[in-house]
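Asks: Got a sequence here, can you model it:
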Amino acid sequence: MSLELLKERFGHSGVTKEVDNREKIHEKLSTRFRYKKDADNEEKIHEKLNAQFNDMGDIKSIKVQHQEQLDEKQRIIENFKIETSELANEVATLKKDKAVLLDDLNKSKWMEDKVHSTAKQIYEDKIKTMSYVDSTELIPLLISVSREKQGNTRLNWGNWLKISENKYLFQINESLAKRVFEDTNVLIDRAIGFINRKRTRGGDVDAAKNYFLSFTGDTAADSRKDYVETTFNPDSYDGAGTGLNRGFTVSYWVKPLELDHTVYFAFGKRSQANGAFQFGVKNTDKIKIGIGSADKDDNTHLDGIGWESGDDNVAHGAEVGKWSHWVVTYGGDDHSSIGGDRQVRVWIDGVEILKNNASGGGMGTANWTPGWQNCDEGCDDAANAASYLYFGGRSAYQDLVNPYNQGWACSLSEVAIYNVEKDEDGTFANEVYNGGTGYDHSGNSGLVGYWKFNEGSGTTVKDYGPYEKHGTLTSETGVETTDIPTWEER
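Replies: Down below sits the predicted model:
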């Protein structure tokens, strides 16, 4: 059968129609699936948009928080500004008050200076115009005003003269001024002593009496050669070879009962030629201090007491029957194991005793090397009978059987020994002097020996220092009942 017949029979258009139907079905399916895909995409877009809007909400919240923080900081700053302004106002007010006070102070000082200057001019004019001094008016007035200014404070001569009335009194009559100076300090001592005796605790009771020890020396016809023997060795005060050649300070009160012979020692020792540790006077003019190999007995003047360069033999000021306070310091030997400056200084009643043109000032220098010590431990030479401190004289190596030597008829009280140089400018010396015999050295740093001489009876002088080197009252005569030193009440 021919192709044409077949087409005619089965129909070509039917095939075409079937193809068309297939295409329509495919188109519908495509449309349907495309719509579903678009829906899915739209939903995703909505999700993204919602997420973006949520993020914008969070950003807005953070911005609000930051703004709140900035506002809070601004409020703090404003508060600080207000407080700062208030403080500035207070400072300005205080400055004004300070200026007013300073002005008042300056006016007060000016008035005080004016009054002082006027009073000074009145005194000086009166002194210049007087052909003689009316002792019934001017001098009693000067003394009265001076003592009122001084009060109950002991003063040395230099400080006493700083009171203007005392200076005018000195210009009128030098010897009278010195007597008034001494009498005033005596009155102060009595007043302090009375107060000490009347110290109370719930009522008035008598305090312990104040004693001292007196010696007769070894030069007078009636001397008993009495002294106090101790076990204190200046070459080894600690028993281990530590000596005072490393530096020391000695403080004591002494009242001479004689000054008409040559060389007296209140206390000391000399265990060998170059091993001196002794304190006294050479005569009415010169001191006598022995340290190591040095004898300091050539003082030429008192510091600031009418001395001019070149003056010689100005008396040290100690007088028979008069208490005086001595301080002696030593800067230590310059040996490599010590490293001191060897400087020696002496103060009597708070006034420094000087040697003219002394090396380094003061009384010059002294050598006391480690090789010049006598002790049982740590020394080149063993201790001997002259190694130990005597009061009322000294122990001397020249006679080791009877070492007592160069005794002094004197009274002694409050002997303190330190292992340091406590003074270079007189501060300590004046502190103790102004404190009088009631000054208590106990507890002071560097104290190695302290004998108060306040027992009042018995044959023992107690050492209140850390090593307790007590002293025993004795006599070279051997009569222990009648020839020993005498206790006296102040």
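
Asks: And the residue lying closest to L257 once chain neighbours are set aside, how close does it get to D218?
Replies: Nearest non-adjacent residue to L257, counting by Cβ to Cβ, 6 or more residues apart in numbering: A409, 4.1 Å away. C-beta: built from backbone N, CA, C; applies to glycine. For A409, the distance to D218 equals 9 Å [Cβ to Cβ, to the nearest Å].

Asks: Now S395: which helix or strand?
Replies: According to DSSP states H and E, S395 maps onto strand 394-396.

Asks: List the neighbouring strands of that strand plus their orientation.
Replies: Looking at strand 394-396 with DSSP bridges, its partner strands are strand 264-270 (parallel), strand 404-405 (antiparallel).

Asks: CSV for those strands, including distance to L187, mean neighbour count and mean pLDDT?
Replies: Below are these laid out as CSV (distance: least, Cβ to Cβ, whole Å; neighbours: other Cβ atoms under 10 Å; pLDDT from 0 to 100):
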stretch, distance to L187, mean neighbour count, mean pLDDT
strand 264-270, 26, 27, 96
strand 404-405, 38, 23, 94
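
Asks: Export the ones you listed to a markdown table and append columns for distance to K255.
Replies: Converted to a markdown table, the strands paired with strand 394-396 look like this (distance: least, Cβ to Cβ, whole Å):
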| stretch | distance to K255 |
| --- | --- |
| strand 264-270 | 10 |
| strand 404-405 | 21 |
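
Asks: out of the ones you listed, nearest to T284?
Replies: Taking Cβ to Cβ, strand 264-270 is the member of the strands paired with strand 394-396 nearest to T284, at 11.0 Å.

Asks: List the contacts of that closest one.
Replies: Strand 264-270 is contacted by residues 217, 233-234, 252, 254, 256, 258, 275-281, 288, 290, 386-397, 405-410, 412, 415 when judged by Cβ atoms under 8 Å, 6 or more residues apart in numbering.

Asks: ok, 7 Å please
Replies: Defining contact as Cβ atoms under 7 Å, 6 or more residues apart in numbering, one finds that strand 264-270 is touched by 217, 234, 252, 254, 276-281, 290, 386-391, 393-397, 406, 408, 410, 412, 415.

Asks: Tell me the first helix or strand C-terminal of it.
Replies: With elements assigned by DSSP H and E, the helix or strand that comes after strand 264-270 is strand 276-281.

Asks: For the helix or strand following that following strand, give the mean pLDDT please.
Replies: Counting by DSSP H and E, the next helix or strand C-terminal to strand 276-281 is strand 287-292. Averaged over strand 287-292, pLDDT sits at 95.

Asks: Check stretch 351-367 too.
Replies: Rounded mean pLDDT across stretch 351-367 is 88.

Asks: Find the helix or strand that N106 is a member of.
Replies: helix 12-129.

Asks: could you dump the very next helix or strand once past that helix to CSV, C-alpha only?
Replies: Next in sequence after helix 12-129, counting helices and strands by DSSP H and E, comes helix 138-150. Only the C-alpha atoms of helix 138-150 are listed here, as CSV (Å, rounded to 0.1, in the frame of the first residue of the first chain):
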residue,chain,number,x,y,z
LEU,A,138,67.7,99.6,137.1
ILE,A,139,69.6,96.5,138.2
PRO,A,140,66.7,94.9,140.1
LEU,A,141,64.4,95.7,137.2
LEU,A,142,66.8,94.0,134.7
ILE,A,143,67.2,90.9,136.9
SER,A,144,63.5,90.6,137.5
VAL,A,145,62.6,90.8,133.8
SER,A,146,65.4,88.5,132.9
ARG,A,147,64.4,85.8,135.3
GLU,A,148,60.8,86.1,134.2
LYS,A,149,61.8,85.5,130.6
GLN,A,150,64.1,82.6,131.6
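
Asks: What ranges does the stretch 151-300 of the chain have for its strands?
Replies: 211-214, 226-230, 248-256, 264-270, 276-281, 287-292, 294-296 (DSSP state E, counting those that start in this stretch).

Asks: Contact partners for R345?
Replies: R345 is in contact with 329, 352, 362-363, 423-424, counting by Cβ under 7 Å, 6+ apart.

Asks: And it, its phi and psi?
Replies: Phi and psi for R345, reported as degrees, to the nearest 10, are phi -130, psi 150.
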